[in-house]
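Chemist: Model the following, please.
(chains A and B)
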Amino acid sequence: MTVTQTRPAASKPSTPRSLATRKALFGNGRRPGFLTYGLLIAFFLASAYPLWWSVIIGSRSNEALGQTWPPLLPGGNFWTNVGEVFDTIPFWLALGNSVLISSIITVSVVGFSTLAGYSFAKLKFKGRTGLMVAVVATMAIPTQLGIIPLFMLMRTLGWTGEIGAVVIPTLVTAFGVFFMRQYLVDVIPDELIESARMDGASMISTFFHVALPAARPAMAILGLFTFMTAWTDFLWPLLVLDAGNPTLQTALSQLQSARYVDYSIVLAGAVLATLPLLVLFAVAGRQLISGIMQGAVKG
Amino acid sequence: MTTTLNRPAAGKAATKPAVTFRQRLSVFDLKVSPYLYIAPFFILFALVGLFPLGYTFFVSLFDWHLLRGQGEFVGLQNFQEVFQDRFFWNSLFNTMSIFLLSTIPQLVVAISIAAVLDQNLRARTFWRMSILLPYVVTPVAVAMIFANMFGEQYGLINNILASFGVDPIMWKNETLPSHIAIATMVNWRWTGYNALILLAAMQAVPRDIYESAAIDGAGPFRRFFSITLPSIRPTMIFVVITATIGGLQIFTEPRLFDPRTAGGTAKQFQTTVLYLWEMAFQRQNFGKAATIAWILFLIIVLFGVINWLISRRIATSGDDRGGNRRARRRKRPVAPAAVLPAVGAQPPAPSADTAGEPLAGPTTRSGR
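Modeler: A predicted model of the protein is given here:
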């Protein structure tokens, strides 16, 4: 190895050699060894095993839990257990509710965030800096702790038990505005907005024809994470919805609240409820990863 | 710019009345639109975010029952009672304990994973996805799966321990084991996620710093501790901040770990939000529950301020990696401004603070 690398270096002076050495030493050319892949496999198993375990138990019966050595493969009971799940909780209604609630929240958060983010990023108005500081400051405020007045409000309005009550507290997020602003501030050239204005476009049509197309990638990422957050929410839907009209999460929790807990059914339910997100993960996993990683550097 | 200004002026001379109207409309559009675009956010946020939070304080000053509604004004008596309530302190202790058990190991493991991923791997996307897998399992499902695995009688973990001749651990009935079990749920779901955030920070470190360190004879471990760790400090702080905001509000995991109790038979894993929930919806004492919410709010804000102060120091000093201490000190006042031109006085270092909040933002991580 060393010989082959030094030789071209001798014929061509300095630069190619150092490049080759650099690559060999630490650059992108260097492949990690077995230890690295061993660790990665260990991480992978740690991530996947609990899910696999719920598949195993969810497709067997409760007796599988009593075995000294845990079974490693799924059994044939999955559909029976799923049937039990359907009998115990209104699964499809809950799924529909969850899709509806998460979609409304996502559309609202992404829409309002893009609008406000665009305004903060590209339009000039009095008090812009101060208001933006207010947005950033509110990001750290745990508004979830206002559940008691919110609950009283929903009850006064008679909305408890209805989807609207779940949706309302999370129609906007400070984070969304901040995120869209950070994205749009770099991505739209000011000249583009100016020229649209010069062509006689009104402010709103400038927004729709210039800002919105440019904002699309960030909207997708924000939408993905907003959807996930809304989908996983538990405490608030638990408070305002009743057992007859639940979200997927609150319905799922009912499985475990029974007097006698049959874990094969509970875990079959957990698997079933995880499937939609697994599909989403398979389809949009790359975006999810790049969203997390972009947020970390850019934001 | 000059042309824009000139053109309407020229038009004005020609057809005066019509243009003036349009112009006025256009100026109105220009002046008002920015406010119109941000208005929905501020109005909705004030209505459903800030107002309820403020009203919580109002409720906390009253005897307030879930069904009977507003009662007598009692001043700060609720606060007095909560501060004397040993279950409140118990819940704070549990929250802190679970928070520490989930944050510290999580950070260590996430950094290790990130360091392993920060290499020239084959099938990079696959490995990244594999560690993110737990993130798509909802907290409710996570709690159900782990409640089963940590079962005392037939749980997977006790079964495995038994086959090695170890006595079963009372995961639900004893304090520390229950905290470990709940922290494990949090760790499982969030470690990979945070590893990706840290990985992004690691990849932003210029590679030539590593190269020159290697040429100077620094081994991989030296390089990791002297270059990688200091460089990603702002991001580490960010991860800790989001973990704090979420961790102090943990609810779902302890709620579902043993659904028949509100945090264990002896409240050994009752967290503060769980206590709040029990106070409001089982004991139906809204006044006291609002008090708990308000105190917890203040604690979280306090933590936020502390975090912010720490991160300001660290983000600034971590900013110049190569420089010696004196250079660092000199740079301190300059850096925050340079780092954050637009947002002004806000929490410094976008790298630290903006970092992937969507993902780990307060809402996402709330224990809900």
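
Chemist: From now on I want contacts and neighbour counts done on CA atoms only, so please keep to that.
Modeler: Fine.

Chemist: check contacts around residue B:45.
Modeler: Residues near residue B:45 by Cα atoms under 8 Å, 6 or more residues apart in numbering or on different chains: A:172, A:173, A:174.

Chemist: These in helices, which ones?
Modeler: residue A:174 (DSSP state H).

Chemist: Out of the contacts of residue B:45, the closest to residue A:242 would be?
Modeler: residue A:172 (24.4 Å; Cα to Cα).

Chemist: Check the gap between the closest one and residue A:227 for me.
Modeler: 13 Å (Cα to Cα, to the nearest Å).

Chemist: Which of these two has more residues huddled nearby?
Modeler: Using other Cα atoms under 10 Å in any protein chain shown as the criterion, residue A:172 and residue A:227 rank with residue A:172 on top: 26 against 21.

Chemist: biggest helix in chain A, by residue count?
Modeler: Identified as the longest helix of chain A according to DSSP H is helix A:263-297.

Chemist: about what we covered before: output the contacts of residue B:45 in JSON lines, with distance to chain B and pLDDT appended to each entry.
Modeler: Listed next are these as JSON lines, based on distance: Cα to the nearest Cα, whole Å; pLDDT from 0 to 100:
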{"residue": "A:172", "distance to chain B": "6", "pLDDT": "93"}
{"residue": "A:173", "distance to chain B": "7", "pLDDT": "91"}
{"residue": "A:174", "distance to chain B": "8", "pLDDT": "90"}
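
Chemist: The stretch 101-250 of chain A: strands as residue ranges?
Modeler: With strands called from DSSP state E, counting those that start in this stretch, the stretch 101-250 of chain A shows none.

Chemist: scratch that, the stretch 51-200 of chain B is what I was asking about
Modeler: In the stretch 51-200 of chain B, the strands defined using DSSP E, counting those that start in this stretch lie at B:62-65, B:69-73.

Chemist: So which of these is nearest residue B:91?
Modeler: Residue B:91 lies closest to strand B:62-65 among the strands of the stretch 51-200 of chain B, at 21.9 Å (Cα to Cα).

Chemist: how about low-confidence regions in the chain?
Modeler: You didn't pick a chain, so chain A it is. Residue ranges of chain A with pLDDT under 70: A:1-30, A:68, A:259, A:295-299.

Chemist: I was thinking of chain B, sorry if that wasn't clear
Modeler: Chain B contains residues with pLDDT under 70 at B:1-19, B:314-368.

Chemist: before we move on, the earlier item: any idea which of the strands of the stretch 51-200 of chain B is most buried?
Modeler: Each of the strands of the stretch 51-200 of chain B was scored by mean neighbour count; the highest is strand B:62-65, a mean of 21, by mean count of other Cα atoms under 10 Å in any protein chain shown.

Chemist: Mind checking if that strand is in reach of chain A?
Modeler: No - judged by Cα under 8 Å from any Cα of the partner chain, strand B:62-65 stays clear of chain A, getting no closer than 10.8 Å.

Chemist: helices or strands up against that strand?
Modeler: strand B:69-73, helix B:286-317 (3 or more Cα pairs under 8 Å, 6 or more residues apart in numbering or on different chains; DSSP states H and E).

Chemist: Let me have these in TSV, adding distance to chain A as columns.
Modeler: Output for these, formatted as TSV (distance: least, Cα to the nearest Cα, whole Å):
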stretch	distance to chain A
strand B:69-73	9
helix B:286-317	6
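
Chemist: okay, those, which one's buried deepest?
Modeler: The highest average neighbour count among the helices and strands packed on strand B:62-65, using mean count of other Cα under 10 Å, belongs to helix B:286-317 at a mean of 21.

Chemist: what angle sits between it and strand B:69-73?
Modeler: Here helix B:286-317 points in a direction 80 degrees away from that of strand B:69-73 (axes from the mean of the first three to the mean of the last three Cα atoms, to 10 degrees).

Chemist: tell me which strands and helices helix B:286-317 is in contact with?
Modeler: helix A:147-157, helix B:51-60, strand B:62-65, helix B:77-84, helix B:233-247, helix B:272-281, helix B:325-331, helix B:335-339.

Chemist: Take stretch B:71-89, keep the C-alpha atoms, and write them as CSV.
Modeler: What follows is stretch B:71-89, C-alpha atoms only, in CSV (Å, rounded to 0.1, in the frame of the first residue of the first chain):
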residue,chain,number,x,y,z
GLY,B,71,-65.5,28.5,44.7
GLU,B,72,-64.1,30.9,47.2
PHE,B,73,-61.1,33.0,46.7
VAL,B,74,-58.3,31.6,48.9
GLY,B,75,-55.3,33.6,47.9
LEU,B,76,-52.1,31.7,48.1
GLN,B,77,-53.5,29.0,50.3
ASN,B,78,-53.3,26.5,47.5
PHE,B,79,-49.6,27.2,47.1
GLN,B,80,-49.1,26.8,50.8
GLU,B,81,-50.8,23.5,50.8
VAL,B,82,-49.0,22.2,47.8
PHE,B,83,-45.6,23.2,49.3
GLN,B,84,-46.5,21.2,52.4
ASP,B,85,-47.8,18.2,50.4
ARG,B,86,-45.4,15.4,50.6
PHE,B,87,-46.8,13.8,47.5
PHE,B,88,-45.9,17.0,45.6
TRP,B,89,-42.3,16.7,46.7
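
Chemist: Neighbours of residue 204, how many?
Modeler: I'll assume chain A. The tally of other residues near residue A:204 (other Cα under 10 Å) stands at 16.

Chemist: sorry, should have said chain B
Modeler: Neighbours of residue B:204 under the rule other Cα under 10 Å: 13.

Chemist: How about the backbone phi and psi for residue B:169?
Modeler: Phi and psi for residue B:169, reported as degrees, to the nearest 10, are phi -100, psi 140.

Chemist: center of chain A, which residue is that?
Modeler: residue A:225 (3.2 Å; Cα atoms, centre = their mean).

Chemist: meant to ask about chain B, not that
Modeler: Mean-position check on chain B, Cα atoms, centre = their mean. Result residue B:242 at 2.0 Å.

Chemist: Now do that one against chain A, distance only.
Modeler: Counting by Cα to the nearest Cα, to the nearest Å, the separation of residue B:242 from chain A is 9 Å.

Chemist: quick one on the thing from earlier: what's the closest of the helices and strands packed on strand B:62-65 to residue A:166?
Modeler: helix B:286-317 (19.6 Å).
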